[in-house]
Structures are given as C-alpha cells and as structure tokens.
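[1] Sequence and computational prediction follow.
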Amino acid sequence: AQKVTQAQTEISVVEKEDVTLDCVYETRDTTYYLFWYKQPPSGELVFLIRRNSFDEQNEISGRYSWNFQKSTSSFNFTITASQVVDSAVYFCALSEVNGAGKSTFGDGTTLTVKP
Amino acid sequence: GAGVSQTPSNKVTEKGKYVELRCDPISGHTALYWYRQSLGQGPEFLIYFQGTGAADDSGLPNDRFFAVRPEGSVSTLKIQRTERGDSAVYLCASSPLDSSYNEQFFGPGTRLTVL
C-alpha cells in the first residue's frame, strides 16, 4: 500500500521568506509519479508540479522548486520569496504507474504567509 | 475553457436519506475520479472511471456508495441511507487520460452534511 506523509501540519511565514514543505512517501513500486497540489481558501485543488520516479533532477520553475530524493523517499517543495497569495493548503500526492492515475494524498500543510 | 463543475455546492440531509452528487468533467477528458475529503485531511480516493465503466471502485467504503457515468461524461455519486460519518467534501477530478503521469483537474467539491 502506498502512503504519503506531510509531517508539517501548519507553517506560518512572513512575506518574502522562503518556505519548504516536506513530503515523505511509501510505495512498493519502482515506477511512480509525485505531485504537489495547492488548495486555496476557495477550496479547489490546483496542480503545481510533477516528478516521475526516474528523474531525480531537481528543478526550479519561477518561485517554485522541488527536491526529489529517492534514497530518502522525500519530495520536498520550496517557495522562494513567499507572497500572501501563496497562503493555502498544499498537498503532496503519489500515483503508482499501474494505478491509472488513482492518487494517494497526504493530509496537507497549511501555509500562512503574513504581510 | 470550462473546468470541472460539481452540483450542488452544498447539500444538507438527514440521516437515512438518499443523496446524489453530480460531476461534469472537462469536455473530452476520459478519466474521472471521485475523492472524499474530511476536515483536516487530504482527498481519499473513492472510485475511478475510464469512459463509462468503473475501472477501480476499491475506495468505496461500503455498498451504500455507488457511482455511475452512463455516457462517459457526467458522473453521479449516489449515497444510500446516509450516516453522519458520510459528512465530508466530495471532490470530482478529471484527466485527459487514465495515466498516472497526468495531473488531475479538480472541481470545487460538494460539501455534504448529514444531520
């Protein structure tokens, strides 16, 4: 069975600070996909980033970056120069390659960015 | 273009009643997923459709829950003899393909309250 753990329940930062959201996962599969989704106060989950298990290259996309380490089963997500609009609940999710897109989500990290 | 829509946005019912929740996926998306999200938790997979057929219903908690997608587009989640524990936000998501690679596009959810 697959499992996603987001140990940080809530994080509060001041605008312009960098913030890293942690995600640890468990799966028996060797091929899988990892995602980060954002759920703003309006409630609708929005896709942010994706990484497949074969590609451990870390990337930066605008203010977002992610650090995927297969050896520690971690997929951490960093927002640089945080803004108030980044305040939301962030979910890490795992999809196994044979799962046809069925995703297992963590319980989320609530990020509050204060002006 | 139009995103995933769900109706109603809120549903209050009494214990023991029957409810139907509707999902309109993004046009052309063949894969459709239902999730349930309880307060403070991440979405929990319920059922997945590829076209008209339920390809994986392993997440349905019991036989009171049933979902259909008769024409491969709109889907209805049906809950019989509702219980207070069924109270949650029911999320629908669609994806162009039933691939674990593809991100899912989520609707705003239906908040179900069972009194």
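    Noted; the coordinates are in hand. Numbers count the residues shown, from 1 in each chain, chains lettered A, B, ... in the order given.
[2] And for residue A:62, the neighbour number?
    Using other CB atoms under 10 Å in any protein chain shown, residue A:62 has 7 other residues around it. From N, CA and C alone the C-beta is placed, and that goes for glycine too.
[3] Confirm for me that residue A:7 is in contact with residue A:24.
    Yes. Using CB atoms under 8 Å, residue A:7 is in contact with residue A:24, at 7.3 Å.
[4] Could I get the full set of strands for chain A?
    Using DSSP state E, the strands found in chain A span residues A:3-5, A:10-14, A:19-21, A:24-26, A:32-39, A:46-52, A:59-61, A:64-69, A:74-79, A:88-96, A:103-105, A:109-114.
[5] Turn the ones you listed into TSV, including mean neighbour count, mean pLDDT and distance to chain B.
    Formatted as TSV, the strands of chain A follow (neighbours: other CB atoms under 10 Å in any protein chain shown; pLDDT from 0 to 100; distance: least, CB to the nearest CB, whole Å):
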stretch	mean neighbour count	mean pLDDT	distance to chain B
strand A:3-5	17	96	8
strand A:10-14	13	97	10
strand A:19-21	19	97	13
strand A:24-26	16	97	12
strand A:32-39	23	93	5
strand A:46-52	16	89	4
strand A:59-61	10	77	14
strand A:64-69	17	91	14
strand A:74-79	20	95	14
strand A:88-96	24	94	4
strand A:103-105	23	93	3
strand A:109-114	17	97	9
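[6] Let me have these in CSV, extended by distance to residue B:63.
    Formatted as CSV, these follow (distance: least, CB to CB, whole Å):
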stretch, distance to residue B:63
strand A:3-5, 26
strand A:10-14, 37
strand A:19-21, 38
strand A:24-26, 29
strand A:32-39, 30
strand A:46-52, 33
strand A:59-61, 44
strand A:64-69, 40
strand A:74-79, 36
strand A:88-96, 26
strand A:103-105, 23
strand A:109-114, 35
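[7] isn't residue A:101 right up against residue B:103?
    No. Here residue A:101 lies out of contact with residue B:103, judged by CB under 8 Å, at a distance of 9.1 Å.
[8] Need the overlap of contacts for those two.
    residue B:95 (CB atoms under 8 Å, 6 or more residues apart in numbering or on different chains).
[9] okay, the two: which has more neighbours?
    Neighbour count, other CB under 10 Å: between residue A:101 and residue B:103, residue A:101 has more, with 26 against 22.
[10] measure the more buried one to chain B for me?
    Residue A:101 sits 5 Å away from chain B, going by CB to the nearest CB, to the nearest Å.
[11] Not counting sequence-adjacent ones, nearest residue to residue 22?
    Picked chain A for this. Sequence neighbours aside, residue A:76 is the residue nearest to residue A:22 in space, at 5.3 Å (criterion: CB to CB, 6 or more residues apart in numbering or on different chains).
[12] that answer is for a different chain, and I need it for chain B
    Residue B:22 sits nearest to residue B:7 (CB to CB, 6+ apart), 4.8 Å away.
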